[in-house]
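A.B. asks: give me coordinates for this.
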Amino acid sequence: MTGSGERTTGNEERPEDGDRPGSGRIDSNIPNVARMYDYYLGGYHNFAVDREAAEKILAIFPDTPAAAHTNRRFLQRAVRYLAGEAGVRQFLDIGAGLPTQGNVHEVAGAGCEVVYVDNDPVAVAQARALVEDLPNVSVALADLRDPDALLADPHVRGHLDLDEPVAILMVSLLHFVPDDAEPGRIVARLRDATAPGSHLVVSHLTLDGVAEAPASQGQEVYRTSTAPIVPRSRADILRLFEGYDLVEPGLVWLGEWRPEPDGTPEGVSHGYGAVGVKPKY
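C.D. replies: As a prediction, this is how the structure comes out:
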């Protein structure tokens, strides 16, 4: 389940509609949430159907590209914190899309093990081609909705020692998990499978403060895509961190989570973000 999307540099050549970049089939007739996200970021891994749906969202929420970049920078700041101050050396990035420039293995740096996970075979094939020469990076084809199978995947088990602290990243992912799939249960299963001192990073879309009409219109656009979107309130998102202690400043708007020390202002946020740590007691 691609969450934070195909994290691209914006320099790739746009595929012609109907082409099949990487291996596997691409359905270019249904808007894909990862490719829509790529379009918001100015990338080229998208098709006409994705651009058409994304433009509908932009007509409702014109600041969506700025919000997408804010989300991306939150991911990078969280990884820098984890690899630096928190001393984490293992990262499990679920719903990763394409690990290109500025993603987890680059930000975390040498000496860290990183496993990217996605349930899109095309994204996984492309990601594996990008990281095949990196000994500490692997890509697993697995689905968050089956956490036991995800944890048992040989790419996960072969690179991560779950008896040592692991950072689980779910960036722009859980708002694509409907309530009947029990996102809280999924997060709890992953929490229980990891060692004390492990961390959870979540960014999650919200419609807090958004008028009912545009909120409904935006959700309707995503109902025609590969993954209907489920925005949640701050209280609902906070419950996903049950069993974790929140790292300061807690669950806040994405741009407010440990902004850059140079005072560079963050852009608009469409969601909340937080980092939690599984206590050692």
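
A.B. asks: what ranges does the protein have for its strands?
C.D. replies: Under the criterion DSSP state E, strands of the chain are mapped to 90-94, 113-118, 137-141, 167-171, 199-205, 245-246, 252-253, 271-277.

A.B. asks: among those, which comes closest to residue 191?
C.D. replies: Ranking the strands of the chain by distance to residue 191, with C-beta to C-beta as the measure, places strand 199-205 first at 6.8 Å. The C-beta positions use only the backbone N, C-alpha and C, and glycine is treated the same way.

A.B. asks: show me where this protein has its helices.
C.D. replies: Using DSSP state H, the helices assigned to the chain run over residues 33-40, 48-60, 64-83, 104-108, 121-131, 147-152, 154-159, 183-193, 212-223, 234-239.

A.B. asks: picking that back up, could you dump the strands of the chain to CSV with distance to residue 31 and mean pLDDT?
C.D. replies: Shown next, in CSV, are the strands of the chain (distance: least, C-beta to C-beta, whole Å; pLDDT from 0 to 100):
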stretch, distance to residue 31, mean pLDDT
strand 90-94, 22, 97
strand 113-118, 17, 96
strand 137-141, 22, 95
strand 167-171, 20, 97
strand 199-205, 16, 97
strand 245-246, 34, 98
strand 252-253, 27, 96
strand 271-277, 20, 97
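
A.B. asks: how about JSON lines for these, with distance to residue 63 added?
C.D. replies: Shown next, in JSON lines, are the strands of the chain (distance: least, C-beta to C-beta, whole Å):
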{"stretch": "strand 90-94", "distance to residue 63": "26"}
{"stretch": "strand 113-118", "distance to residue 63": "27"}
{"stretch": "strand 137-141", "distance to residue 63": "32"}
{"stretch": "strand 167-171", "distance to residue 63": "19"}
{"stretch": "strand 199-205", "distance to residue 63": "13"}
{"stretch": "strand 245-246", "distance to residue 63": "27"}
{"stretch": "strand 252-253", "distance to residue 63": "13"}
{"stretch": "strand 271-277", "distance to residue 63": "13"}
